[in-house]
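**Q** Dropping the sequence and predicted coords here.
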Amino acid sequence: ETGVTQTPRHLVMGMTNKKSLKCEQHLGHNAMYWYKQSAKKPLELMFVYNFKEQTENNSVPSRFSPECPNSSHLFLHLHTLQPEDSALYLCASSQAPPQFLYGYTFGSGTRLTVV
Amino acid sequence: KNEVEQSPQNLTAQEGEFITINCSYSVGISALHWLQQHPGGGIVSLFMLSSGKKKHGRLIATINIQEKHSSLHITASHPRDSAVYICAVGRYGGSQGNLIFGKGTKLSVKP
């Protein structure tokens, strides 16, 4: 365990479903991130939250909706997804900005399959 | 051409061998990260560095800013080192979290 916990680990959903991914950290970090890792592709940043405020939206489609109620919790709400959205979704946290000693701490990811 | 290139893409080694994974980048950076991703998907941050060399146990990371190149070395490799190793850079002046990731090097260490 890295200190960043993601649930669920695996999720299969239909294109008309609504689901949410959850990320939780109790490391005292004040920045949280969502990354997407598609098959055979490098990781790509989706969203950044600093002190609960969204500071980056990396041109992500509106069918992905993030929510950060406090510095310890981050959600990614999913609705009307497409099969090409199937990927590993990784949450990370850090100090804001990341410190050289600690860098980023990643969770184990949620493996999402859209059918 | 990707802004972050890793080599090799795949690497198979025998237990005990010394391993080197290379990363070259083409942008000005504020920091470079080495990450380890296990088959389950979780990622562990190994190093974050902007100059010189860092060592943690059997792992050593070096960076040459002038040559825009970094290496990750594993001494006395072990089957538990089998994973994908990812190089990522934070672009100089770039936004927080907006790392440029390499495609990873898949390492398999045989007993």
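**A** That came through, no problem.
**Q** going on from the worst-scoring helix or strand of chain A on mean pLDDT, what's the next piece of helix or strand?
**A** Scoring the helices and strands of chain A by mean pLDDT, DSSP states H and E places strand A:53-57 at the bottom, with a mean of 85. Once the chain leaves strand A:53-57, the next helix or strand it forms, by DSSP states H and E, is strand A:64-70.
**Q** Check whether that following strand comes near chain B.
**A** No: figure legend: strand A:64-70 not in contact with chain B (Cβ under 8 Å from any Cβ of the partner chain); closest approach 12.7 Å. Heads up, the C-betas are built off the backbone N, CA and C, glycines and all.
**Q** by contact count, what packs against that strand?
**A** strand A:44-50, strand A:53-57, strand A:73-79 (3 or more Cβ pairs under 8 Å, 6 or more residues apart in numbering or on different chains; DSSP states H and E).
**Q** Let me know the angle separating that strand from strand A:73-79.
**A** 160 degrees (axes from the mean of the first three to the mean of the last three Cα atoms, to 10 degrees).
**Q** centre of the chain versus strand A:64-70, how much separation?
**A** A distance of 9 Å separates the centroid of the chain from that of strand A:64-70, by Cα atoms, centre = their mean, to the nearest Å.
**Q** So in that sheet, which strands flank that strand, and in what orientation?
**A** Its sheet considered, strand A:64-70 pairs with strand A:73-79 (antiparallel) by DSSP bridges.
**Q** rewinding a little: most packed of the helices and strands packed on strand A:64-70?
**A** strand A:44-50 (a mean of 21; mean count of other Cβ atoms under 10 Å in any protein chain shown).
**Q** returning to what we had before: hey, least reliable of the helices and strands packed on strand A:64-70 by pLDDT?
**A** In terms of mean pLDDT, the lowest-scoring of the helices and strands packed on strand A:64-70 is strand A:53-57 (a mean of 85).
**Q** close to chain B, is it?
**A** Yes: Strand A:53-57 lies within reach of chain B by Cβ under 8 Å from any Cβ, at A:55-56.
**Q** Name the residues that touch that strand?
**A** Outside strand A:53-57, the residues within contact range by Cβ atoms under 8 Å, 6 or more residues apart in numbering or on different chains are A:45-49, A:66, A:68, B:95-98.
**Q** Ramachandran coordinates for B:Arg80?
**A** Backbone torsions of B:Arg80, given as degrees, to the nearest 10, read phi -70, psi -10.
**Q** Not counting sequence-adjacent ones, nearest residue to residue 96?
**A** I'll assume chain A. Take A:Ala96 and drop its neighbours on the chain: the residue closest to it by Cβ to Cβ, 6 or more residues apart in numbering or on different chains is A:Ala31, 3.8 Å away.
**Q** wrong chain, I was asking about chain B
**A** A:Pro97 (5.3 Å).
**Q** For residue 32, give me the pLDDT.
**A** Looking at chain A here, since you left the chain open. Confidence score, pLDDT, at A:Met32: 94.
**Q** I was thinking of chain B, sorry if that wasn't clear
**A** For B:Leu32, pLDDT reads 94.
**Q** Same question for A:Tyr102.
**A** 68.
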